[in-house]
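Student: I would like the atomic coordinates for the input below:
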Amino acid sequence: MHADTLSRFVRRLSHNVRDLLFPPHCVGCDELLPPFDASEPIFCPLCRTSWEMGRGEWLRNGHRDPAHVNLVAYHTGRADGVPEKLIYHLKHRDEARVFAAVAGLLAPGVMEACGELCSVFPCGKTPAILVSYPPRRRRAISKDGFDQAERISRALSRRCGYRHVKLLSRTHARVFEQKRLGQEDRLENAARAYRLKKGAEKRVRGCIVVLVDDLVTTGSTLQICADLLHSAGAVAVIYASVAHTVTHKTPSSQS
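Tutor: Below is the predicted model of the structure:
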């Protein structure tokens, strides 16, 4: 048996055993989902419809930045919404099925954005593509036991076939939770919170970096991290996020 075929068979078998021991549930409503589904759905039909509505809202509001691949609109305070429940799930439940499914949803847009960037380079000089993430606060990792951005970025790198590299780390500076701050304070806070890892300059120079996070509010964290990567020699940084907090401004007022 060919090695790739054997690998797929073993992976599918392990997924079936997992589904037998831990039946899959819908992230939105916790309804039991059909086991042994190769597509590994994370939503029931009703919640999938709600998810698509959030996706449509994001697109209708004029959010079409080619350098930012985002899946869905997120509403602060709407605890019963499917996008909001997914983000909560990603932050607090270390479930490989969900991370893999989210990566599968992000992958087409990320690969398209990377392909468009690579197409402007001369033949034979296409830059390497790296996948990385802004690390979570140490306290949050200690509480939940994992970093959701790291999980999503690793799953995305496997799905796209890009190399996963940890390029950023947290500083020891005293920082605050971003959700408690305004936009200007978020930028200052993020600037204190992140630095390049030792040796990151050699890895990132001349590369395209896909920077992955679960939720974007003002974009301060991604902006600061992208600035660090550009300063290290990255030729481009593409943002990839699951959800983006929507504002109720018109597209013209956001420019």
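Student: Next, the buried residues of stretch 102-114.
Tutor: Val102, Ala103, Leu105, Leu106, Ala107, Gly109, Val110, Met111, Ala113, Cys114 (16 or more other CB atoms under 10 Å). For the C-beta atoms, the positions are set from N, CA and C on the backbone; glycine is no exception.
Student: so the last one is in which element?
Tutor: To tie it back to what came earlier, the one meant is Cys114. helix 96-118 (DSSP states H and E).
Student: after that helix, next one along is what?
Tutor: Going down the chain from helix 96-118, the next helix or strand is strand 129-132, by DSSP H and E.
Student: And the helix or strand following that next one, what's buried?
Tutor: The element immediately downstream of strand 129-132 (helix or strand, assigned by DSSP H and E) is helix 138-144. Of all the residues in helix 138-144, those buried under the rule 16+ other CB under 10 Å are Ala140.
Student: May I have helix 138-144 exported as CSV, CA atoms only?
Tutor: The C-alpha trace of helix 138-144 is given here as CSV (Å, rounded to 0.1, in the frame of the first residue of the first chain):
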residue,chain,number,x,y,z
ARG,A,138,0.5,33.3,29.8
ARG,A,139,-2.3,33.6,32.3
ALA,A,140,-4.9,32.5,29.7
ILE,A,141,-2.8,29.6,28.6
SER,A,142,-2.3,28.5,32.2
LYS,A,143,-6.1,28.7,32.7
ASP,A,144,-7.2,26.8,29.6
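Student: so what does that helix touch, helix or strand wise?
Tutor: helix 82-92 (3 or more CB pairs under 8 Å, 6 or more residues apart in numbering; DSSP states H and E).
Student: so where is the protein shaky, pLDDT-wise?
Tutor: For the chain, the stretches flagged by pLDDT under 70 are 1-22, 36-40, 62-64, 173-187, 189, 247-255.
Student: mind listing the helices for this protein?
Tutor: Applying DSSP state H to the chain gives helices spanning 3-21, 45-60, 82-92, 96-118, 138-144, 148-160, 183-193, 200-204, 220-231, 251-254.
Student: now, of those helices, which is deepest in the fold?
Tutor: Ranked by mean neighbour count, the helices of the chain are led by helix 148-160 with a mean of 22 (mean count of other CB atoms under 10 Å).
Student: angle of it against helix 96-118?
Tutor: Angle, helix 148-160 to helix 96-118, by axes from the mean of the first three to the mean of the last three CA atoms, to 10 degrees: 60 degrees.
Student: All further residue positions should be reported with the first residue as 41.
Tutor: Noted, 41 is the first residue going forward, which turns the last one into helix 188-200.
Student: Touching helix 188-200 from outside, list them.
Tutor: 130-131, 134, 136, 139-140, 142-144, 146-147, 150-151, 154, 169, 171-176, 202-204, 206, 250, 252-254, 280, 282 (CB atoms under 8 Å, 6 or more residues apart in numbering).
Student: if we go to 7 Å?
Tutor: 130-131, 139-140, 142-144, 146-147, 150-151, 171-174, 176, 203-204, 252-254, 280, 282 (CB atoms under 7 Å, 6 or more residues apart in numbering).
Student: related to what we said a few turns ago, if you compare the directions of the helix holding Cys154 and helix 122-132, what angle comes out?
Tutor: 100 degrees.
Student: follow-up on the earlier one: and of the helices of the chain, who's closest to Pro74?
Tutor: Closest approach to Pro74 among the helices of the chain is made by helix 43-61 (9.1 Å; CB to CB).
Student: and Val122, what does it touch?
Tutor: Here Val122 is in contact with Gly68, Phe83, Cys87, Ser90, Trp91, Gly94 (criterion: CB under 7 Å, 6+ apart).
Student: now the nearest residue to the fourth one once chain neighbours are set aside: how far from Arg88?
Tutor: In other words, Ser90. Leaving aside its sequence neighbours, Ser90 sits nearest to Val122 (CB to CB, 6 or more residues apart in numbering; 4.2 Å). Distance, Val122 to Arg88, by CB to CB, to the nearest Å: 8 Å.
Student: same deal with Tyr114?
Tutor: 17 Å.
Student: for Arg178, same thing?
Tutor: Arg178 is 35 Å from Arg88, by CB to CB.
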